[in-house]
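> Build me a model:
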Amino acid sequence: MSWLGKFIGGTFGFLMGGPLGAVFGAAVGHQFDQGQGEHNPFRVEVDTAEQYQTQMAFFTAVFSVMGHIAKADGRVNEAEIAYTRNLMARLQLSEDMRKTAMRLFNQGKLVDFPLDQVLQQFRSECQHRLHLLRFFVEIQLELALADSVLHPAEERLLLRLCERLHFSRFELHALKTVLEARLRMGGRQQHQYSHRQFQNRPQESSLQESYAILGVDATASDQEIRRAYRRLLSRHHPDKLAAEGAPDDKVRKANEKTHEIRKAWESVRKARKL
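Predicted structure coming up:
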């Protein structure tokens, strides 16, 4: 039996009773055990049924909510579609699971998509896995910023999402500041060259971007900046995420962010002579 077939046979019963199960079932239909991928799409060893169920809840919620946010401003644009396909590649989804993800995305675009109920069940599934909730929020924000413009309708949905997940609006603002700074530094595709670009820019502009990466204003006190730096390092520490069973892509991303945070801190520290 295929991986997806095993999932449905083993844990779909729980999801059937909730909105995540309804969304997943509508997306998959009768094709769930006809030649689907044989591997876990997150390529993570799962030791318990609880972990397995949580990953499937994450998979279902991520792509369906992405569809809902992409449709918020009236139409799904090419940048949002490109970001969605890029995410599938980052998660190393099989071709069959990519098709399922797109069906979930399309379910989220429907006018009667049960957003609040999906978010409530997803939060219940995540329980104490705060890094997973944060990863979820970050993906939705990245999608909304894929076309470099945060539409008011998208922002309202993101704030509603944070409220339902009990995710701090301050955290959302900090994420938004970092992602917008990254866009100004050349975008995701050129991120690997950001350090070289950072050095070649005027000092004042680079310093402002460093403050943005740390999620603080240039008028913040030295103590506030130190706290922000330590908080960001703790949140994105790759060893911590690896120990918590985060996907490989999440750990790689944490390594990149940690490097970015440290570079920003060094720039601010030198400018303030700390």
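> What separation do you get for L145 and R227?
In this view, L145 and R227 are 26 Å apart by C-beta to C-beta, to the nearest Å. Where you see a C-beta, it was placed from the backbone N, CA and C, and this is true even at glycine.
> higher neighbour count, those two?
Higher neighbour count among L145 and R227: L145, with 21 against 14, using other C-beta atoms under 10 Å.
> Now the more buried one: closest residue in space that isn't a chain neighbour?
Distances taken as C-beta to C-beta, 6 or more residues apart in numbering put L179 closest to L145, at 5.5 Å, once the chain neighbours are dropped.
> check which helix or strand covers the one you found.
Element membership for L179, per DSSP states H and E: helix 169-184.
> Can you give the contact residues for that helix?
Here helix 169-184 makes contact (C-beta atoms under 8 Å, 6 or more residues apart in numbering) with 134, 137-138, 141-142, 145, 148, 150, 158-159, 162, 188, 191, 194, 209, 212-213, 215, 260.
> Using PDB, write down the CA coordinates of it.
Written as PDB, here are the backbone C-alpha positions of helix 169-184 (Å, rounded to 0.1, in the frame of the first residue of the first chain):
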ATOM      1  CA  ARG A 169       1.400  40.300  16.100                       C
ATOM      2  CA  PHE A 170       4.800  41.500  17.200                       C
ATOM      3  CA  GLU A 171       6.300  38.300  15.900                       C
ATOM      4  CA  LEU A 172       4.500  38.800  12.600                       C
ATOM      5  CA  HIS A 173       5.800  42.300  12.300                       C
ATOM      6  CA  ALA A 174       9.300  41.200  13.100                       C
ATOM      7  CA  LEU A 175       9.100  38.500  10.400                       C
ATOM      8  CA  LYS A 176       7.700  41.000   7.900                       C
ATOM      9  CA  THR A 177      10.500  43.400   8.600                       C
ATOM     10  CA  VAL A 178      13.100  40.700   8.000                       C
ATOM     11  CA  LEU A 179      11.500  39.500   4.800                       C
ATOM     12  CA  GLU A 180      11.100  43.000   3.400                       C
ATOM     13  CA  ALA A 181      14.700  43.700   4.200                       C
ATOM     14  CA  ARG A 182      15.600  40.500   2.300                       C
ATOM     15  CA  LEU A 183      13.600  41.600  -0.700                       C
ATOM     16  CA  ARG A 184      15.400  45.000  -0.700                       C
END
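> Sort out which residues of it are buried, please.
Buried residues in helix 169-184, counted by 16 or more other C-beta atoms under 10 Å: 171-172, 174-182.
> ok, now stretch 252-259?
Buried residues in stretch 252-259 (16+ other C-beta under 10 Å): 253-254, 257-258.
> any low-confidence regions in the stretch 1-150 of the chain?
For the stretch 1-150 of the chain, the stretches with pLDDT under 70 are 1-17, 28-52.
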